[in-house]
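> need a 3D model of the following:
(one chain, ligands or ions: 1)
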Amino acid sequence: MFNLLKLNLVSVAIGLSRRLFRSRVIYSGAILCLTLTSGASAAQTSVVIEHCSVFDPEAGKVLPDRTIVVRGTQIVQVVGAGEIVDFPADATRIDGRGKFALPGLIDAHTHVVHVLDYAHLTGDVVLPLYLAAGVTSIRSTGDEIVAATLVARSAAAHPERSPRVFTCSPLLDADPPIHRGAGQAVTDPAKVSALFDDLARWNVTTVKIYAGTDRPVGKAIIDESHRRGLFVTAHLGRYSAQHAVADGVDGLEHIWSVFNYVIPAEAAKQPGHRGRLDLSNELCESLVAELARRKVFVDPTLAVFRNMLLLPDVPEVHDHPDNALVPRALREFWPVYLQRSGCPQGGPLEDRRREFAKFQELTGKMHRAGVPLLAGTDAAEPQVTPGFSLHQELEMLVESGLPPAAALCAATLTNATVLGEKDHLGSISAGKMADIVLVTANPLDDIRHTRRIELVIHQGHVCRPDALMKLVPRE
Ligand SMILES: [Zn+2]
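Sure, this is the predicted structure:
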């Protein structure tokens, strides 16, 4: 993300098939059997959380006094007070009184190789950070595919310390691609079908169009994605939002992929215009209405945009406590990457703060208009700490005008939907995967309460944040 500034380009994309999802669940089960027989780790046979409040993302409410029964990797029962609960005598019982169970959080925009590779780290090293932060699934949105597949495989083999990782196509881009490692040049629409034959062998769940792609290639990628039942998202640059949306793109990555296309030519002539943009202009109104009408999933990734605008000269961003949690190699690489990327973009800090406020205003406007929003971060870009930055993203979504329930719905059920996993992830209900975060205060009262994590259940494994944090080397 950051080095796009230097190149003065703007935008990025995703996808998935239900058929692939099903095979993933079976695969995960197979891995679990392997770990059980090897003794490396064992999901609790049965876990019961008694008398807790449960956040229901569909209703946008907390349901009081529920008991959740987990057997193996799945939730088998969620019952109210006075209803019959069925669990074996040897089940692990957890007192949930005064506590709140949230569906496992999902980060819709991460990189499991990109950036980390520059810091000489492999993605598996930071995976426990996600789980410690209650993030039980992540969507890779563009990485070198062999390395990303290995990280996903490592994660699947170790659900007791890693989130579930969904992989993505390389960043489908112009020639040469902006990111040499994560990118792949596609310049001829006639060659797109052959490219997808290759992607099918890698079982990716997302297709991503990148900033250098033009409209003819972009449209060919969207059409081919749909022919194959894949979800396609875009970080836009040369391909305008108006064109990509008209061509049927399913998602847009980054607030830029909307904001950069709602600036009237007249307004663009004024100095500092981005921070003073009137978002009630006709261009903005019509694009937002179209995004809502077509239900295009927009993933604002506010965390990385705040950092891009405000680093390195705003201490509360530069020295956010979350940043101390990552390995030293990554911490030390961040300022190098920032400098390489030409951050900050320049201009007075006040203008940059105003610009970020406009990004948040546009986010709120899209939510009110009915545009489905995702929650993604762009970890592990500078000062975007894997896992914990999703809590910052939730805070910024709420600051943008989303009620806490809507922000939490984005990070759970809506993110699960774009992964094609709505039937398996994203809420606490019988038949779904046992991905649960137990917190000690109500996040609907204050979204920052999502950080008060007592335990995380991932695929039936009960995980303690403190123990997970010890698995990540800080030095
Ligand atoms: Zn990204």
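
> in the stretch 51-200 of the chain, which spans are helices?
127-132, 145-157, 192-202 (DSSP state H, counting those that start in this stretch).

> let me know which of the ones you listed is tucked in deepest.
helix 127-132 (a mean of 27; mean count of other CB atoms under 10 Å). C-beta here means a position set from N, CA and C on the backbone, and glycine is covered the same way.

> off-centre distance for that one?
Chain-centre distance of helix 127-132: 14 Å, with CA atoms, centre = their mean, to the nearest Å.

> tell me, how many residues neighbour residue 205?
Using other CB atoms under 10 Å, residue 205 has 25 neighbouring residues.

> likewise for the one 10 residues further on?
Burial measure for residue 215: 15 neighbouring residues, criterion other CB under 10 Å.

> what does residue 272 give?
14.

> ditto for residue 189
Residue 189: 17 neighbours (other CB under 10 Å).

> what pLDDT does it get?
As predicted, residue 189 sits at a pLDDT of 97.

> roughly how far apart are it and residue 124?
According to CB to CB, to the nearest Å, residue 189 and residue 124 sit 37 Å apart.

> residue 165 too?
In this structure, residue 165 and residue 124 are 10 Å apart, going by CB to CB.

> how about residue 242?
40 Å.

> the more surrounded of those two?
A direct count of neighbours by other CB under 10 Å for residue 242 and residue 124 places residue 124 higher, at 20 against 15.

> shaky segments in the stretch 1-150 of the chain?
1-44 (pLDDT under 70).

> please redo it, this time with the cut-off set to 50
Scanning the stretch 1-150 of the chain with the threshold set as pLDDT under 50 gives 5-41.

> all strands of it, in order?
Remark: strands assigned in the stretch 1-150 of the chain by DSSP state E, counting those that start in this stretch are 46-56, 61-71, 74-80, 92-95, 100-103, 105-110, 135-140.

> deepest-packed of those, please.
The highest average neighbour count among the strands of the stretch 1-150 of the chain, using mean count of other CB under 10 Å, belongs to strand 105-110 at a mean of 31.

> contact partners of it?
14, 130, 133-141, 253, 299, 301, 374-380, 386-387, 390, 411-412, 415-416, 418-419, 425-426, 437, 450 (CB atoms under 8 Å, 6 or more residues apart in numbering).

> pull out the buried residues from the residues you listed.
The neighbour count (16 or more other CB atoms under 10 Å) marks 14, 130, 133-141, 253, 299, 301, 374-380, 386-387, 390, 411-412, 415-416, 418-419, 425-426, 437, 450 as buried among the contacts of strand 105-110.

> of those, list those near the ion.
Restricting the buried ones among the contacts of strand 105-110 to those within reach of the ion (CB under 5 Å from the ion) leaves residue 378.

> what about residue 312, helix or strand, and which?
Under the criterion of DSSP states H and E, residue 312 resides outside all helices and strands.

> that one against residue 341, yeah?
No: under the contact definition of CB atoms under 8 Å, residue 312 does not touch residue 341, with a separation of 11.2 Å.

> out of those two, which sits in the more crowded spot?
residue 341 (20 against 16).

> phi first, then psi, for the more buried one.
For residue 341, the backbone dihedrals (degrees, to the nearest 10) come out as phi -90, psi 0.

> for residue 118, see how far away it is.
Distance of residue 341 to residue 118, computed by CB to CB: 11 Å.

> same deal with residue 246?
36 Å.

> can you get me a residue count around residue 243?
Neighbourhood size, residue 243 [other CB under 10 Å]: 16.

> identify the residues contacting residue 433.
Contacts of residue 433 (CB under 8 Å, 6+ apart): 25, 73-75, 104, 424-425, 459.

> can you check residue 425 too?
Residue 425 neighbours (CB under 8 Å, 6+ apart): 103-104, 106, 137, 412, 416, 419, 432-433, 435.

> in a markdown table: those, plus distance to residue 347.
A markdown table is the format used below for those (distance: CB to CB, whole Å):
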| residue | distance to residue 347 |
| --- | --- |
| 103 | 40 |
| 104 | 40 |
| 106 | 35 |
| 137 | 38 |
| 412 | 37 |
| 416 | 39 |
| 419 | 37 |
| 432 | 47 |
| 433 | 46 |
| 435 | 42 |
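
> closest one of these to residue 261?
Relative to residue 261, the closest of the contacts of residue 425 is residue 419; by CB to CB it sits at 26.0 Å.

> how far away is the residue in the stretch 251-400 of the chain that the ion sits nearest to from residue 62?
As assessed by CB to the ion, the ion sits closest to residue 378 within the stretch 251-400 of the chain, at 4.4 Å. Residue 378 is 30 Å from residue 62, where distance means CB to CB.

> which parts of the stretch 301-450 of the chain are helices?
Along the stretch 301-450 of the chain, counting by DSSP H, counting those that start in this stretch, helices occupy 302-310, 315-318, 328-340, 349-369, 389-399, 404-409, 415-418.

> if you average pLDDT over each of these, which is lowest?
helix 315-318 - the lowest mean pLDDT of those, at a mean of 90.

> just give me how far that one sits from the chain centre.
The answer for helix 315-318 is 22 Å, by CA atoms, centre = their mean.

> please enumerate residues in contact with it?
Under CB under 8 Å, 6+ apart, the answer for helix 315-318 is 306-307, 310-312, 383.

> what comes up buried for it?
317-318.

> for the spatially most central residue of the chain, which non-adjacent residue is closest in space?
Nearest to the mean C-alpha position of the chain, by CA atoms, centre = their mean, lies residue 108 at 1.8 Å. Distance criterion CB to CB, 6 or more residues apart in numbering; nearest residue to residue 108, sequence neighbours excluded, is residue 376 at 3.7 Å.

> what's the distance between that neighbour and residue 362?
16 Å.

> and what of residue 75?
The value you get for residue 75 to residue 362, if CB to CB is used, is 36 Å.

> same deal with residue 466?
Distance from residue 466 to residue 362, by CB to CB: 38 Å.

> pick out whichever of the two has more residues nearby.
Neighbours were counted for residue 466 and for residue 362 using other CB under 10 Å; residue 362 has more, 23 against 8.

> my guess is the more buried one contacts residue 278. True?
No: counting by CB under 8 Å, residue 362 sits too far from residue 278 to count as a contact (11.5 Å).

> circling back to that earlier point, common neighbours of residue 165 and residue 124, please.
151, 155.

> am I right that residue 473 is in a strand?
No: judged by DSSP: H, G, I helix; E, B strand; the rest coil, residue 473 forms no part of a strand; its state is coil.

> for the residue nearest to it when sequence neighbours are not counted, give me the pLDDT.
Nearest residue to residue 473, sequence neighbours excluded (CB to CB, 6+ apart): residue 327, at 5.3 Å. pLDDT for residue 327: 97.

> kind regards, and thank you for your time.
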